[in-house]
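S.K.: Sequence plus predicted model, see below.
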Amino acid sequence: MSETRMIARNRLKGLLMLYGPKALKVLVPAGVIALVFWEGKKELTSINLAVAIHLVDRLHVWQLGLLGLSGLLAVLMMSGYDLLFARQQASQGQGLPLGRVIRISWIANTFNNVMGFAGFTGVGLRLVLYKRAGASVQEVAKYLLFLSFAMITGLSVMCWLFLMGILPGAYLFEEHGWLRLAVWGMALYLPLYVVLSRFPRVFGRWVKSGNLPDTRLALLAVGASVLEWVSAGAMLVASASVAGLHIPASHLLGMFAVAAAAGIFSMAPGGFGAMDMVLLLSLNGYGVNPDRAMAALILFRVFYYLLPWTAGLFLAAVEWMPKREKLAEAGSELWEKSLGGWQRFWSWPGQSRLLGDIGIWALTALVLLSGSVLLLSAATPEIIGRMRSLHHFITPLTMKLSHQITVVVGFILIVLSWGIHLKLRRAYRLTVVLLVLGAFFSILKGLDFEEAILLSAVAVLLYISRGRFYRNHAAVQVRTLVFWFAISLVVAAGYYLVGDWTRPIPYHWLAPRHGHETLILREKELIRSGIVGLSAAWLFFSVWFWLRPKGPVLTPPGEEDLNKLSRLLERFPGTPLTHLVFLRDKCFFWGAKDEVLFYYARSRSTLVVLGDPVGNPDKFREALREFREFADAWVLTPVFYQISSRWMPLYHQAGFRFFKLGEEGFADLHTFQLTGKSKADLRTVRNRFEREGSAFEMLEGPIPAETMAELKAVSDSWLGKRAEKGFSLGWFNEDYIQRTSAAVVRSAEGQIMAFATFMPCYDNGVTASIDLMRFAPDAGKGAMDYMFLRLFEWSRDAGYKRFNLGMAPLSSVGDEPYSMREERAANLVYLHANYLYKFKGLRRFKEKFDPVWETRYLAYPQGAPLVKVMLHAAMLVNRKIVIKKK
């Protein structure tokens, strides 16, 4: 195999290792949904969305109330799992209030309906909520993980009833044979569940939760699942009945079972797309009117999914109210240990971040939902009866002006949801004002009291939660603005498309009363309102952005800061990287009453700290919390680069995860010898340089200008066309070099051939180290070896015990079969990407000096994208950071 093909294969292998599982979670649902839509493209073209929406608009209040009550009961039927758990807790003397159990169930189930896959989002939320309620994490995890396997057994039972003909619908297999795979696959889950639940050893390989519940509890869990899925099917029956579809309930339940199975296998959140399309195919095959079928599907999604989830968002926001008890830790370690690998793999993207602060997430979703509802309401025709009533009190011009204002408010709220997510105080204040305005103008544009109630409730909830919004500023990058501008363009396009699909008004439904046609927006007016709304929203945001408070001013350390550091180093040891602060390319953060120092630089939205903190070890924990709060106040991500293993428990306790960067070598100066066969090459190099008359000299500062010019010439010739690197590496800076001594190797003629700058480690004379090590092109082979050998001698004579050889990047990273996926991908880079950087060659060079290797890590907050923080750190290393002085 050629080298090019091998490189390409290894690149592909690394990409698959890093992104394969994530891509699978996207490609599988996309593929299933694409297949379903391909099968149903004919049925889609026959649907008139405008007629379907008008069918919904013409429903009586009592019909909508009946559906609302049906949706309430259907969601309450999903509480069976929680009632079983509450009963089990009560039997152990740890009873929970019934109201709290129902509230937990509602939040978990409605979130799982919209966002989950096979119940796992609901399981994760229950774990957090029951932990807050005082239940034992171990008991909750044990019970809920068992239930997670039972949650789709009810659908499996319905699939068996369908296959046996009890629930009719065999014609579906005749027209769409591929559905047979989904139904049979789901039906076979029930016997699989029975087998697993009866063999603890087999089951324990999937769920590491100890002893399994007894048979009676397992059967009750299946019963709760059957009740859940039958209730959902009954909700579809009620929706179809209200929409005017006269189909026997048994047929509709069969259609629901097939559609739900397809939705599960699509792995899309809530089964969206696949489930809906299969229901339309089923109803079309039964011969019903496609517009009424679409109306039934809209009612089903709204009253079983959207409205209960909206209520769940309110309950979640109240549950995590700032003035309630502080959010307890969710027991993430116990959770990870309890989960099997396949469960962690299929947890929906973002679930871990969602569980971190569900309260602010719920508020963000409510604001986003409010903006979307305003735009959706503005895009679809108003209810004619309400327009007629409103026409008696205000003019059509006022109605259309109110319509335009709601469009502007809708666009702004969608973008402002980003500020709510970031907990910005200014975003909160503006959002409350806009929600009130949106509610007011929703009444004026068409008596849309439903939207007004929703927006008013969200405004009240935000006001109650005002303590959450403590940030005055967030780091805003150009790409973030571009992203949200692109989102707003997509929303504007969606606004027009929805309006275009729903604007062909069936005028034969309108009473022939003169002037009412002026109340309906035409296509040109719809386009104009969208353009005006989008333009006004971004004009507003432009002004708001330029008037925002400025971010933190990050300045390099002055002489006072450096003197303060020197006094600190007289009391406490430093690190091998401490001396690099004298390059003044890093900022200082003093914590724990000025006894701990973090030196860092900013790379976009990341604050990268170089190495471990310096100062009083007893204050490290408090100082670390202060630094995290500093970064959090400005929405920046704190990252620690090249930390040692000594303080890893401290970082872990502060919520950091770790990635191994490589190993740093330290040669023992008292045991290193040039004797033996393995050191023959080093002896040869030393003898050759001494035979040629080369001389080693240690230059103590201040270094004369002429000598500094010689060092600069050697440095420039060594660099060639390469640029200097920074942050964790030094560069040629005369002020920096003058602070310490420099080792040089002179030729027989007295010319400097190579030099190395000495770098103090501030550990009471234990470790010697160098920073810059550069040599002229004519220095000869082995110049670096000779320099190291002479430095070893000088350091040993000066009383040092070990010599720092520097990092071997990616060395011993991911070389175990159970290493992190990202580290195994890094190992491929180490093994096969030496054309980019001499990873293995650098390791081999340093191995000649018999070093003891110490591991160095990257510490990054849990939930932060590793690739992103690695990229930001690499940007600092690969460019010289220049910070202007005040």
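M.R.: That came in fine, so what should we check first?
S.K.: Which helix or which strand is home to the residue nearest to Leu307 when sequence neighbours are not counted?
M.R.: Leaving aside its sequence neighbours, Leu307 sits nearest to Gly71 (CB to CB, 6 or more residues apart in numbering; 6.3 Å). Backbone N, C-alpha and C define where each C-beta goes, glycine included. Secondary structure from DSSP states H and E places Gly71 in helix 61-76.
S.K.: And the next helix or strand past that helix?
M.R.: As assigned by DSSP H and E, the chain's next helix or strand after helix 61-76 is helix 80-91.
S.K.: which other helices and strands contact that next one?
M.R.: On a contact count with 3 or more CB pairs under 8 Å, 6 or more residues apart in numbering; DSSP states H and E, helix 80-91 meets helix 98-115, helix 137-150, helix 215-242.
S.K.: Adding mean pLDDT, write these out as a markdown table.
M.R.: Output for these, formatted as a markdown table (pLDDT from 0 to 100):
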| stretch | mean pLDDT |
| --- | --- |
| helix 98-115 | 84 |
| helix 137-150 | 73 |
| helix 215-242 | 88 |
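S.K.: was I right about Ser156 contacting Gly185?
M.R.: No. In this structure Ser156 lies outside contact range of Gly185 using CB atoms under 8 Å: 9.6 Å.
S.K.: Report the buried residues of the helix or strand Val258 falls within.
M.R.: Using DSSP H and E, Val258 maps to helix 249-266. Neighbour-count burial for helix 249-266 flags 250-266 (criterion: 16 or more other CB atoms under 10 Å).
S.K.: And for stretch 618-636?
M.R.: For stretch 618-636, by 16+ other CB under 10 Å, it's 619-620, 623-624, 626-628, 630-631, 634-636.
S.K.: And for stretch 561-568?
M.R.: Applying 16+ other CB under 10 Å to stretch 561-568 flags 561, 564-565, 568 as buried.
S.K.: re earlier: and Ser156 and Gly185? which has more neighbours close in?
M.R.: Between Ser156 and Gly185, counting by other CB atoms under 10 Å, Ser156 is the more crowded of the two (26 against 14).
S.K.: Next up, identify which helix or strand the more buried one is on.
M.R.: helix 153-163.
S.K.: Contacts for that helix, please.
M.R.: Outside helix 153-163, the residues that touch it by CB atoms under 8 Å, 6 or more residues apart in numbering are 167, 169, 183-184, 186-190, 193, 221-222, 224-230, 233, 253-254, 256-258, 260-261, 264.
S.K.: got the angle between that helix and helix 215-242?
M.R.: Angle between the axes of helix 153-163 and helix 215-242 is 60 degrees (criterion: axes from the mean of the first three to the mean of the last three CA atoms, to 10 degrees).
S.K.: Adjust the sequence numbering to begin at 21 for everything that follows.
M.R.: I'll keep to 21 as the first residue from here, and by that count the last item is helix 173-183.
S.K.: can you state the direction angle for helix 173-183 and helix 157-170?
M.R.: Counting by the same axes, to 10 degrees, helix 173-183 lies at 10 degrees to helix 157-170.
S.K.: Now the helix or strand just after helix 173-183: buried residues?
M.R.: Next helix or strand after helix 173-183 toward the C-terminus (DSSP H and E): helix 191-195. Of the residues in helix 191-195, Leu192 count as buried by neighbour count, 16+ other CB under 10 Å.
S.K.: Put the alpha carbons of helix 191-195 into CSV.
M.R.: What follows is helix 191-195 as a C-alpha-only set of coordinates in CSV (Å, rounded to 0.1, in the frame of the first residue of the first chain):
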residue,chain,number,x,y,z
TYR,A,191,-53.2,-3.4,3.9
LEU,A,192,-50.3,-1.3,5.1
PHE,A,193,-47.9,-4.2,4.5
GLU,A,194,-49.3,-4.7,1.0
GLU,A,195,-48.7,-1.1,0.0
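S.K.: which residues of the stretch 671-820 of the chain fall in strands?
M.R.: For the stretch 671-820 of the chain, the strands defined by DSSP state E, counting those that start in this stretch occupy 676-688, 715-719, 762-766, 772-778, 787-795.
S.K.: Paired strands for the third one, with orientation please.
M.R.: It refers to strand 762-766. Strand pairing for strand 762-766, determined by DSSP bridges: strand 715-719 (antiparallel), strand 772-778 (antiparallel).
S.K.: cool, the last one as well?
M.R.: Based on DSSP bridges, the pairing partners of strand 787-795 within the sheet are strand 772-778 (antiparallel), strand 822-829 (parallel).
S.K.: list the buried ones in the last one?
M.R.: Think strand 822-829. 822-829.
S.K.: for those residues, which one is nearest Leu891?
M.R.: Nearest to Leu891 among these is Pro829, at 15.2 Å by CB to CB.
S.K.: show me the contacts for the nearest residue to that closest one once chain neighbours are set aside.
M.R.: Spatially, and ignoring its direct neighbours in sequence, Pro829 is nearest to Gly682 (4.3 Å; CB to CB, 6+ apart). Under the criterion of CB under 8 Å, 6+ apart, the contact list for Gly682 reads 827-833, 875-876.
S.K.: For Gly682, give its distance to Arg641.
M.R.: 27 Å (CB to CB, to the nearest Å).
S.K.: Then Gly458?
M.R.: 46 Å.
S.K.: And for Leu585?
M.R.: 21 Å.
S.K.: Let me see the contact set for Glu874.
M.R.: 664-665, 683-686.
S.K.: let's go with 7 Å and repeat that
M.R.: 664, 683-684, 686 (CB atoms under 7 Å, 6 or more residues apart in numbering).
S.K.: so where does it fall, helix or strand?
M.R.: For Glu874, the host element (DSSP H and E) is strand 871-881.
S.K.: Quick one: neighbours of Gly746, just the number.
M.R.: 20.
S.K.: do Val897 as well
M.R.: 15.
S.K.: Distance check, the residue lying closest to it once chain neighbours are set aside against Ser245.
M.R.: Nearest residue to Val897, sequence neighbours excluded (CB to CB, 6+ apart): Phe747, at 5.0 Å. Phe747 sits 55 Å away from Ser245, going by CB to CB.
S.K.: any idea how far Val480 is from Arg446?
M.R.: For Val480, the distance to Arg446 - CB to CB - is 19 Å.
S.K.: before we move on, what about Ile440?
M.R.: 11 Å.
S.K.: Next, format the contacts of Gly682 as JSON lines and append pLDDT and distance to Leu627.
M.R.: Listed next are these as JSON lines, based on pLDDT from 0 to 100; distance: CB to CB, whole Å:
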{"residue": "Met827", "pLDDT": "87", "distance to Leu627": "21"}
{"residue": "Ala828", "pLDDT": "85", "distance to Leu627": "26"}
{"residue": "Pro829", "pLDDT": "82", "distance to Leu627": "22"}
{"residue": "Leu830", "pLDDT": "80", "distance to Leu627": "24"}
{"residue": "Ser831", "pLDDT": "77", "distance to Leu627": "27"}
{"residue": "Ser832", "pLDDT": "75", "distance to Leu627": "28"}
{"residue": "Val833", "pLDDT": "79", "distance to Leu627": "24"}
{"residue": "Thr875", "pLDDT": "90", "distance to Leu627": "23"}
{"residue": "Arg876", "pLDDT": "91", "distance to Leu627": "19"}
